[in-house]
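J.: Sequence isn't available, so here's the structure alone:
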Ligand code: SF4
């Protein structure tokens, strides 16, 4: 199965509280009029410039092994490998907010408009995670109730550059998926263009396969610890946090 997804504006909900929390701003914080103005401008710009797109393609475990091995730079032990080997369905994916939005963020910084540039960058990063969750949910609903996935199983995303999957894994991922079809390219340093793009693998199977103990050597230097929130959500029956 290979499909291109044309997301709509409605697919990208932008809850103010969560966006501000992602910037470290507590719910009860009193914000200046200037801040409110910058926030409103950033949301308006985002809505005007976003061009969300996605692509996904099913892949067998044996073929994914080769993709995951990449340049053989992954950490020897890592959660992604443990999880995909227990999975029932795998799909490579990439999503993007489009080139115009990313160019606008760069332009704002280039011209010294740091406040609005930072706010638009922050809103866009949040939205890229939302898009990743949306494509995972889309695959989950496509598979739900059909072989091989009962409706109670979960699809979560995992990305190169996180949790022991080396960033150079992007090369094999791109060779297998061809996200160029929706305008995403990869440079020599394995960075994607447009900037606000995410790629990785969607792993489907019983919820338990996504649970693990985060005591890998590289976890000592992890600043995000996103796996903790993700596992908490899993236990509460949610599955909507961007992985890796
Ligand atoms: S602590 Fe960080 S590096 Fe370790 S598994 Fe969790 S998210 Fe990944």
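T.: Yep, it's here. All of these numbers come straight from a predicted model, not from anything done at the bench.

J.: residues contacting residue 196?
T.: 96-98, 101-102, 105, 124-125, 127-128 (Cβ atoms under 8 Å, 6 or more residues apart in numbering). Where you see a C-beta, it was placed from the backbone N, CA and C, and this is true even at glycine.

J.: Look up the pLDDT of the residue nearest to it when sequence neighbours are not counted for me, please.
T.: Closest residue in space to residue 196, ignoring its immediate chain neighbours: residue 97 at 4.2 Å, by Cβ to Cβ, 6 or more residues apart in numbering. Note on residue 97: pLDDT of 97.

J.: In contact with residue 97, which residues?
T.: 50-52, 124, 127-128, 131, 194, 196-197.

J.: which one of those sits closest to the ligand?
T.: residue 128 (17.1 Å; Cβ to the nearest ligand atom).

J.: Is it correct that that closest one is in contact with residue 198?
T.: Yes. Counting by Cβ atoms under 8 Å, residue 128 touches residue 198, with 5.3 Å between them.

J.: where do the contact lists of those two overlap?
T.: Common neighbours of residue 128 and residue 198 (criterion: Cβ under 8 Å, 6+ apart): 95-96.

J.: what's the neighbour count on residue 35?
T.: Residue 35 has 15 neighbours, counted by other Cβ atoms under 10 Å.

J.: avg pLDDT for the host helix or strand of it?
T.: Here residue 35, judged by DSSP states H and E, is contained in helix 33-49. When pLDDT is averaged over helix 33-49, the result is 96.

J.: Who are the packing partners of that helix?
T.: Contacts defined by 3 or more Cβ pairs under 8 Å, 6 or more residues apart in numbering; DSSP states H and E place helix 33-49 against helix 99-110, helix 114-143.

J.: Dump the ones you listed to CSV, plus distance to residue 74.
T.: Formatted as CSV, those follow (distance: least, Cβ to Cβ, whole Å):
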stretch, distance to residue 74
helix 99-110, 28
helix 114-143, 21
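
J.: out of those, nearest to the ligand?
T.: The nearest among the helices and strands packed on helix 33-49, by Cβ to the nearest ligand atom, is helix 114-143 at 13.6 Å.

J.: Can you pull the phi/psi pair for residue 96?
T.: phi -150, psi 150 (degrees, to the nearest 10).

J.: do the same with residue 201
T.: phi -120, psi 140.

J.: Return the residues in contact with it.
T.: Here residue 201 is in contact with 59, 64, 67-68, 80, 84, 90-93, 157-159, 173 (criterion: Cβ under 8 Å, 6+ apart).

J.: do you know how far it is from the ligand?
T.: Per Cβ to the nearest ligand atom, to the nearest Å, residue 201 is found 15 Å from the ligand.

J.: Also residue 177?
T.: On the measure of Cβ to the nearest ligand atom, residue 177 and the ligand end up 23 Å apart.

J.: Just the buried residues of the helix or strand of the chain with the lowest mean pLDDT, please?
T.: Taking mean pLDDT, DSSP states H and E as the measure, the helix or strand of the chain with the lowest value is helix 226-235, at a mean of 85. Buried positions in helix 226-235, judged by neighbour count with 16 or more other Cβ atoms under 10 Å: 226-227, 230-231, 234.

J.: from the residues you listed, which are also near the ligand?
T.: 226-227 (Cβ under 6 Å from any ligand atom).

J.: Which positions in the protein make contact with the ligand?
T.: Counting by Cβ under 6 Å from any ligand atom, the chain sits next to the ligand at 79, 162-163, 214, 216, 218-219, 222, 224-227.

J.: quick one on the thing from earlier: turn the contacts of residue 196 into a markdown table, columns for distance to residue 177.
T.: Shown next, in a markdown table, are these (distance: Cβ to Cβ, whole Å):
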| residue | distance to residue 177 |
| --- | --- |
| 96 | 13 |
| 97 | 18 |
| 98 | 18 |
| 101 | 22 |
| 102 | 20 |
| 105 | 25 |
| 124 | 22 |
| 125 | 22 |
| 127 | 21 |
| 128 | 17 |
